[in-house]
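Participant: need a structure here:
(one chain, ligands or ions: 1)
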Amino acid sequence: TELSETLQSQDVFDLEYAADLNITNDGSEVYFIRHYMDIHSDKKLGNIWKVTQNGELTPVTTGKHQQYGMALSPDNKRLAYISSESGNPQIHMQWLETGATGQMTNLTTAPSRLTWSADGKYLAFQMFVPEKATPPVSLPGKPEGAEWAEPAIYIDDVYYRFDGGGYTKPGYTQIFLLSAQGGTPRQLTFDEFNNNGAMSWSQDGKQLYFSANRHQNFRLEPVNTDIYRYELASGEISAVTDRNGPDNQPSVSPDGRYLAYLGYDDRGTNYENTQVYVRDLSSGKTQSLTADLDRSVDSLHWDGSSRGLYIQYDDQGKTRVAYQPLKGKAKQLTDKLGGQSYGRPYTSSEFDVASDGTVTFTYSAPDRPADVGLHTGGKDIQLTHLNDDALGHKTLAKVEEFWFKSSADGRDIQGWIAYPPGFDKDKKYPMVLEIHGGPVTAYGPHFAAEIQLYAAAGYVVVYINPRGSSSYGEEFAQTIHLNYPSQDYDDLMSAVDTVIDKGFIDERELFVTGGSGGGVLSAWIVGHTDRFKAAVVAKPVINWYSFVLTSDFYPYFYKYWFAAKPWEDLEGYMQRSPISYVGNVTTPTMLLTGEADYRTPISESEQYYQALKLQGVETAMVRIPDAPHGIYKRPSNLMSKVEYILWWFEQYRDERPVKN
Ligand SMILES: CC(=O)N[C@@H](C)C(=O)N[C@@H](C)C(=O)O
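Facilitator: Okay, the predicted model is just below:
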């Protein structure tokens, strides 16, 4: 990469970030995957590294591979992980005292969720078991050696393609058991359900708890997972929870008395707070520990004494870890988590806890992707500086929080401004409004290559969490239930007005972009105002009717985002669809979507492109071959996205910026 003062799009190949954090019982060392971008394969790869409390870094594995799914054994002497170094994903093990490494399996499909038994003798894992596909029709008359077209594909499952995974094959995910000494894995489950949720062993190793959706109608009840108990001796499976709503992430306490898990009662809305439940395994008595916390808990880890849990949740764009005792009030530990969503500034992070309460977490800063952090003795310490070599000599955008009132109803809304390097408040700058998707997700003060690159190109970048975002509680997220888009539009316009009022924006130079739900809102914006000079609508939903009938997760979308099926409420669907307002659009608007996006299929973008053409509005369409919804996942696709967006905006600038 060419040396430069500001971030350039090709610098995304130099980014690294930490994931899969595993802390040793005594808190002295953290094993993690050090992800890097391989410029030849244009893919994210990663090896295992170790960092000590003093920040000393050593490699544990090496090679041009993607290693992931790491699990440190309970005695901390072995590290199990998944790697494709032999050609396809297999379970590997490293004996940490000697450095000896071995491939433990020869599986035919990819393993996942490696879970140690408490005595370290077994690993439970999951794997997809394909079923034989027998097409109902086979063509007669094909002569020996003839080269006919590929056979027709017959589909009859509800879920026939998944974004990022492609077209599905028939079969189910099953649970397996592998001796920690290696050998042949034993299949534990065989039924026609996807036994694919998190797992946790009972302390005596006689039972394995797992979450799954094992309801007969599971395909059309997509969030109704429960916790199940598998008896190793008999193979019997029994339900531990049984309510309408998700129950996930079972975790048996170190003393074996309790089962903690996450879940909520499904009330059919777009959002409910996910709570932490603890069940006394002998009495069956279950209580929520976080009924009063108006936030969604994303993950949990037991305290070594079984007296409470460390919990992670998003709060006002940041991610916190708190200690929640079984009785009493939670204690806040740190709010510095984040940094794993390096394309756009979504909250995205993880943590782990040692027996002595030392917490490791992905350390977030607006100018760096995730590092390894430690919370100990009441302090946060940044243990790694994975990107100082690539970014340390660059001037990056400073990111500043601001709050403002929405013109819709005076509601307080949070946002951030990313200032271009060398910013001078006495000058006037063009503005990019960048809008997040979800819609129930949250942006925050986290590193984002896209935001940084727009700022490096000279734009003041504004991003906010409009109503409907997560991390502000249930009421805020539910304001858009059956009501999206709506006043979130006013929130966005009020953000633009607030930043203009600060005096450093050239009001004639306003640009807007956003992806997915942010694509919905940017298309909504150009249908409702002409104040923006140009727009890029990325991977949008343009027509809710067609989206619900083409998106991969359609049994969820029609049920939780609408009051009825499309044909039962045509008016409601169309009233909320950006396509209905295309007749108002005058803003030059480019579409940008991955051709393999099965979440918001490219047919949504095509509709808008063709409609804009019919309207005579300046438009263009950028199609990213093979890219799924997560366009940023291949570094060159992230580069294409940013370069095309900047190029489109530059066509409409009065004063073209000088490229450095
Ligand atoms: C739930 C979901 O997949 N929503 C998409 C329409 C979406 O908005 N995704 C966001 C998170 C994105 O930025 O891709």
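
Participant: measure the closest residue to the ligand within the stretch 101-250 of the chain to Ala627 for me?
Facilitator: For the stretch 101-250 of the chain, the residue positioned closest to the ligand under Cβ to the nearest ligand atom is Asp163, at a distance of 7.7 Å. All C-beta spots, glycine's among them, are computed from the backbone N, C-alpha and C. Asp163 sits at a distance of 10 Å from Ala627 (criterion: Cβ to Cβ, to the nearest Å).

Participant: do Asp491 as well
Facilitator: Separation of Asp491 from Ala627 (Cβ to Cβ) stands at 29 Å.

Participant: what residues does the stretch 551-660 of the chain have near the ligand?
Facilitator: Along the stretch 551-660 of the chain, the residues adjacent to the ligand under the rule Cβ under 6 Å from any ligand atom are 599-600, 629.

Participant: which one of Asp163 and Ala627 has more residues nearby?
Facilitator: Ala627 (25 against 18; other Cβ atoms under 10 Å).

Participant: may I have the phi/psi pair for the residue nearest to the more buried one when sequence neighbours are not counted?
Facilitator: Here the nearest residue to Ala627 in space, its sequence neighbours aside, is Gly594; by Cβ to Cβ, 6 or more residues apart in numbering that works out to 2.9 Å. For Gly594, the backbone dihedrals (degrees, to the nearest 10) come out as phi -80, psi 140.

Participant: then the one 10 residues further on?
Facilitator: The phi/psi pair for Glu604 (degrees, to the nearest 10) reads phi -60, psi -50.

Participant: out of everything not next to it in sequence, what's closest to it?
Facilitator: Nearest in space to Glu604, with sequence neighbours left out and distances taken as Cβ to Cβ, 6+ apart, is Ile542 at 4.5 Å.

Participant: how about the one you found, secondary structure?
Facilitator: coil (DSSP: H, G, I helix; E, B strand; the rest coil).

Participant: residues in contact with it?
Facilitator: 520, 523, 577-579, 604-605, 607-608 (Cβ atoms under 8 Å, 6 or more residues apart in numbering).

Participant: show me what stretch 99-115 is in contact with.
Facilitator: Outside of stretch 99-115, the residues within contact range by Cβ under 8 Å, 6+ apart are 61, 69-71, 80-82, 86, 88-95, 123-130, 176, 178, 182, 185, 196, 198-201, 208.

Participant: would you mark the buried spots in it?
Facilitator: Across stretch 99-115, burial judged by 16 or more other Cβ atoms under 10 Å covers 104-105, 107, 111, 113-115.

Participant: how about the residues you listed in CSV, adding pLDDT?
Facilitator: Putting those into CSV (pLDDT from 0 to 100) gives the following:
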residue, pLDDT
Met104, 97
Thr105, 97
Leu107, 97
Pro111, 98
Arg113, 98
Leu114, 98
Thr115, 98
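
Participant: what's the farthest-apart pair in these?
Facilitator: Across those, the two members that end up farthest from each other (Cβ to Cβ) are Leu107 and Thr115, 15.9 Å apart.

Participant: give me the number of residues near the residue in the chain that the ligand sits nearest to?
Facilitator: As assessed by Cβ to the nearest ligand atom, the ligand sits closest to Gly437 within the chain, at 2.6 Å. Burial of Gly437 is recorded as 23 neighbouring residues (other Cβ under 10 Å).

Participant: isn't it right next to Thr513, touching?
Facilitator: No - no contact is recorded between Gly437 and Thr513 when judged using Cβ atoms under 8 Å, the distance being 11.6 Å.

Participant: out of the residues of the stretch 551-660 of the chain next to the ligand, who's nearest Asp380?
Facilitator: Looking across these and measuring by Cβ to Cβ, the closest to Asp380 is His629, at 33.0 Å.

Participant: ok, and the closest non-adjacent residue to that closest one?
Facilitator: Residue nearest to His629 in three dimensions, not counting chain neighbours: Arg599, with 4.0 Å by Cβ to Cβ, 6+ apart.

Participant: cool, Pro222 as well?
Facilitator: Tyr556 (4.6 Å).

Participant: does anything pack onto the helix or strand hosting the one you found? Which helices or strands?
Facilitator: Under the criterion of DSSP states H and E, Tyr556 resides in helix 554-561. Contact partners of helix 554-561 among helices and strands, from 3 or more Cβ pairs under 8 Å, 6 or more residues apart in numbering; DSSP states H and E: helix 544-548.

Participant: please identify the buried residues of the helix holding Tyr556?
Facilitator: For helix 554-561, the buried set under the neighbour-count rule, 16+ other Cβ under 10 Å, comprises 554-555, 557-561.

Participant: phi first, then psi, for Ile525.
Facilitator: Residue torsions, per degrees, to the nearest 10, at Ile525 are phi -60, psi -50.

Participant: the closest residue to it other than its chain neighbours in helix, strand or coil?
Facilitator: In this structure, Ile525 finds its nearest non-sequential neighbour in Val512, 5.6 Å apart by Cβ to Cβ, 6+ apart. Here Val512 takes the strand state, with states given by three-state DSSP.
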